[in-house]
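S.K.: What follows is a predicted protein model with its sequence.
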Amino acid sequence: MRTVFAVCDTEQTYAFNLMEYLNSRLRVPFEIQMFTAPEALVSFASVRHVDLLLVSERAATEEVRNLPVGKLMILSEGSVPESLAAYPAVSKYQSADQVVREVMDFYSAQQSAAEPARILRPDCRKIGVISTWEPGLRTAFAIALGEILAERRNVLYVSLDPWDGTASLFDDHPDRTISDLLYYYRQGKNGLIYCAESMIRTVRGMHYIPPAAHPGDLLLMNAEQWSGLFNELTETGACDTLILDMGSRMTDPEGILSFCSEIYLPVSADLLAERSVDTWLLWAEDNHAEWSGRVETVPLDRNTVEEIRAVFDTGDAGNTSDVKMRLEALNRGLLGRKIREAEDKRQQEKRRQEKRRQAERPECDPEGLLKTGAI
């Protein structure tokens, strides 16, 4: 049974707007219940267990406070009344995104956080993006790919580069990063998805986890641990498409690539870059046949490469605000066109493979078998 997250606020407009946001953006597999009257909440809680209750000050009656809920948090309008001072609170007058992050941060910190329901996602895409030459091309490709796929899928972008430089491109001062998620995972606590939900940000429709502030946090993880972490996120509803920006200096990148269902390798129009890729592909084929066949090279012509390099050229001022604006345009430019072509090619190949499987599948013809006496 799914974990129940109930919200009760007598201000109907706010309550319905918050519910709409939760239903459209919350990745945790909660069953969300919204109430605008305490009496309706009490009636519901008499027949269903509520794991997490977010209730406004005005709706937090004594009867509501005495409900046998898992965790209760106050939706505060300012200074919390003395009668509610014993409960954790979150300000309602901030962005819905921030409200959700604070609620999930509180819930994930509780030892009794309910184990989330598992979701079978046979179509879940786990995409690794790698590069043997220019990390800037790899990261630009991964971000543009994520934004394009986010137009129709629930995408989560994760940088696995110990020396990642994307923090300033998304959020200059994230209060929590993937380092906190890794620490939570290594503690073996229940409800990793709640912790992830408290730190996941969104940019241009794509969700992402802020990158690590210190390289050592990523270098402590091995491939088996990474796979366990990513399986936990995908199976509990964090995303249906996971994009891994693979740093070449991480621990056991080959082991993580074996976890990926698809691998993109952008290649710049450069003689040395092309030779580097050729050498790497031969090595992968000889040593990692289990995943080398999943690698899709994407040639980037000179104009596309120059477009990408221009994005990260901060000039003498080093102003990242200009970089952010240029980065937004990547998925609509030459790089975006290359990615869409690669995606179309991959989907066409997927359809061809499915047709071949169907053609090879034996047909069931009971009448014919009966006529021949086989059954």
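M.R.: Structure's in. What do you need?

S.K.: All the strands of the stretch 101-250 of the chain, residue numbers only.
M.R.: Ranges of strands within the stretch 101-250 of the chain are 125-129, 155-159, 201-203, 206-208, 241-245, based on DSSP state E, counting those that start in this stretch.

S.K.: which non-adjacent residue is nearest residue 15?
M.R.: Spatial nearest neighbour of residue 15, chain neighbours left out: residue 9 (4.2 Å); criterion: C-beta to C-beta, 6 or more residues apart in numbering. Bear in mind the C-beta positions are built from the backbone N, C-alpha and C, glycine included.

S.K.: got the contact list for that neighbour?
M.R.: Applying C-beta atoms under 8 Å, 6 or more residues apart in numbering, we find residue 9 in contact with 15, 18, 35, 36, 55, 56, 58, 59, 75, 92.

S.K.: Would you state the predicted confidence (pLDDT) at it?
M.R.: For residue 9, the model assigns a pLDDT of 95.

S.K.: All further residue positions should be reported with the first residue as 456.
M.R.: All set: I'll call the first residue 456, so the last point we hit is now residue 464.

S.K.: coming back round to it: now the contacts of residue 464 as JSON lines including pLDDT and secondary structure?
M.R.: As requested, these are exported to JSON lines (pLDDT from 0 to 100; DSSP: H, G, I helix; E, B strand; the rest coil):
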{"residue": "470", "pLDDT": "88", "secondary structure": "helix"}
{"residue": "473", "pLDDT": "88", "secondary structure": "helix"}
{"residue": "490", "pLDDT": "96", "secondary structure": "strand"}
{"residue": "491", "pLDDT": "94", "secondary structure": "coil"}
{"residue": "510", "pLDDT": "96", "secondary structure": "strand"}
{"residue": "511", "pLDDT": "95", "secondary structure": "strand"}
{"residue": "513", "pLDDT": "92", "secondary structure": "coil"}
{"residue": "514", "pLDDT": "95", "secondary structure": "coil"}
{"residue": "530", "pLDDT": "94", "secondary structure": "strand"}
{"residue": "547", "pLDDT": "91", "secondary structure": "coil"}
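
S.K.: wait, which of these is closest to residue 617?
M.R.: Within those, the smallest distance to residue 617 is 37.8 Å, found for residue 473 (C-beta to C-beta).

S.K.: Correct me if wrong: the closest one contacts residue 550.
M.R.: No: the criterion here is C-beta atoms under 8 Å, and residue 473 misses it with residue 550 at 11.0 Å.

S.K.: where does this structure have its least confident helix or strand?
M.R.: Scoring the helices and strands of the chain by mean pLDDT, DSSP states H and E places helix 821-827 at the bottom, with a mean of 52.

S.K.: Isn't residue 766 up against residue 782?
M.R.: Yes: with contacts counted by C-beta under 8 Å, residue 766 reaches residue 782, the gap being 5.4 Å.

S.K.: intersection of neighbour lists for those two?
M.R.: Residues touching both residue 766 and residue 782 (C-beta under 8 Å, 6+ apart) are residue 595.

S.K.: Run through the stretch 556-705 of the chain and note the low-pLDDT ranges.
M.R.: Counting by pLDDT under 70, the stretch 556-705 of the chain contains low-confidence residues at 565-577, 622-623, 626-627.

S.K.: Do a quick rundown of the helices in the stretch 656-805 of the chain.
M.R.: 670-674, 678-690, 708-712, 726-742, 744-747, 757-766, 775-783, 789-815 (DSSP state H, counting those that start in this stretch).

S.K.: right, and those - which one's nearest residue 459?
M.R.: Of all the helices of the stretch 656-805 of the chain, helix 678-690 sits nearest to residue 459, with 19.7 Å by C-beta to C-beta.

S.K.: Any idea how far that closest one is from the middle of the chain?
M.R.: 12 Å (C-alpha atoms, centre = their mean, to the nearest Å).

S.K.: just to revisit the earlier point, settle it for me: which of residue 473 and residue 550 has more neighbours?
M.R.: When neighbours are counted by other C-beta atoms under 10 Å, residue 473 and residue 550 differ, and residue 473 comes out ahead with 21 against 9.

S.K.: residue contacts, that one?
M.R.: Counting by C-beta under 8 Å, 6+ apart, residue 473 makes contact with 462, 464, 489, 551, 554.

S.K.: The first one falls within a strand, correct?
M.R.: Same thing as residue 462. Yes: with DSSP: H, G, I helix; E, B strand; the rest coil as the criterion, residue 462 is part of a strand.

S.K.: Just want the most central residue of the protein.
M.R.: residue 611 (2.4 Å; C-alpha atoms, centre = their mean).
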